[in-house]
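Asker: The following block contains a protein sequence and its predicted model.
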Amino acid sequence: MSKDCGNHGDDDLRQACRRLLAILFGLALIVAIIALIVYLVLRPTHPRFFLQDATLRQLDLSNSSGLLSTSIQITVASRNPNDRVGVYYDRLDVYASYKYQQITLAASLPPVYQGHGDVDVWSPVLSGPNVPFAPYLSDALSQDCQSRYLILQVKIDGRVRWKVGSWISGHYHIFVTCPAFFITSGGNGAPGANGFRFQTATYCRVEV
């Protein structure tokens, strides 16, 4: 008799555990469905970035030491195209690169909340004193300067969150790449280092 009572108690415990797991699974499924519905209804669009201006203040290459010193001031704008989704820019680090090699230190942009349709503009100075430069890149840069046409990349690496009503998402990684075209004749900007002028404003590629 006592043995049967013990087995009956074990069965009750198993059933209670199964019910608890079923409830937890159901709640998780409901949360996932709600999140999917919100995403499908709102479909947040990536923020749009534009490189509006750039002034090349310094571009000094020492072939003997293999060091490059660069200073460039940029003006970059961001717009939130969403009608019902806000964006928190919690961290934005911007730097310049040449053929995939970083040539300036990263400058931190101030955190900001971007509401529906809002536009934010930043104008940091990017500096890279005495950056070790690969020999093959030195040759390529010298050829670009001789041809009077130079392409740099302005890159932004950061973390963002989405805001819908009172709900705020977790962090997402954002990576932005903006091509900066410089020429020595024509262009829209004032002449800078080596006579290079910023050619034209460009759209940036955004990955989230």
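Answerer: Now that the structure is in, tell me what you want to look at. Quick caveat: nothing in here was measured; it's all calculated off a predicted structure.

Asker: Which secondary structure element is home to Leu59?
Answerer: strand 48-62 (DSSP states H and E).

Asker: Sheet partners, orientation included, of that strand?
Answerer: Paired strands of strand 48-62, with direction, are strand 67-79 (antiparallel), strand 202-203 (antiparallel) (DSSP bridges).

Asker: I'd like these as a markdown table, with mean neighbour count, distance to Ile23 and mean pLDDT appended.
Answerer: In this view, the C-beta of every residue, glycine as well, is placed from N, C-alpha and C. Formatted as a markdown table, the strands paired with strand 48-62 follow (neighbours: other Cβ atoms under 10 Å; distance: least, Cβ to Cβ, whole Å; pLDDT from 0 to 100):
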| stretch | mean neighbour count | distance to Ile23 | mean pLDDT |
| --- | --- | --- | --- |
| strand 67-79 | 20 | 44 | 96 |
| strand 202-203 | 14 | 49 | 94 |
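
Asker: Dump the ones you listed into TSV; add distance to Pro47 as well.
Answerer: Shown next, in TSV, are the strands paired with strand 48-62 (distance: least, Cβ to Cβ, whole Å):
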stretch	distance to Pro47
strand 67-79	5
strand 202-203	12
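
Asker: Relative to Pro111, which of those is closest?
Answerer: Within the strands paired with strand 48-62, the stretch nearest Pro111 is strand 67-79; the backing value is 12.7 Å (Cβ to Cβ).

Asker: in the chain, which spans are strands?
Answerer: Remark: strands assigned in the chain by DSSP state E are 48-62, 67-79, 86-98, 101-102, 107-109, 112-114, 119-122, 125-132, 149-164, 167-168, 172-183, 197-198, 202-203, 205-207.

Asker: Would you point to the one among those that's packed deepest?
Answerer: strand 197-198 (a mean of 22; mean count of other Cβ atoms under 10 Å).

Asker: can you tell which of the strands paired with strand 48-62 is closest to Phe175?
Answerer: strand 67-79 (13.4 Å).
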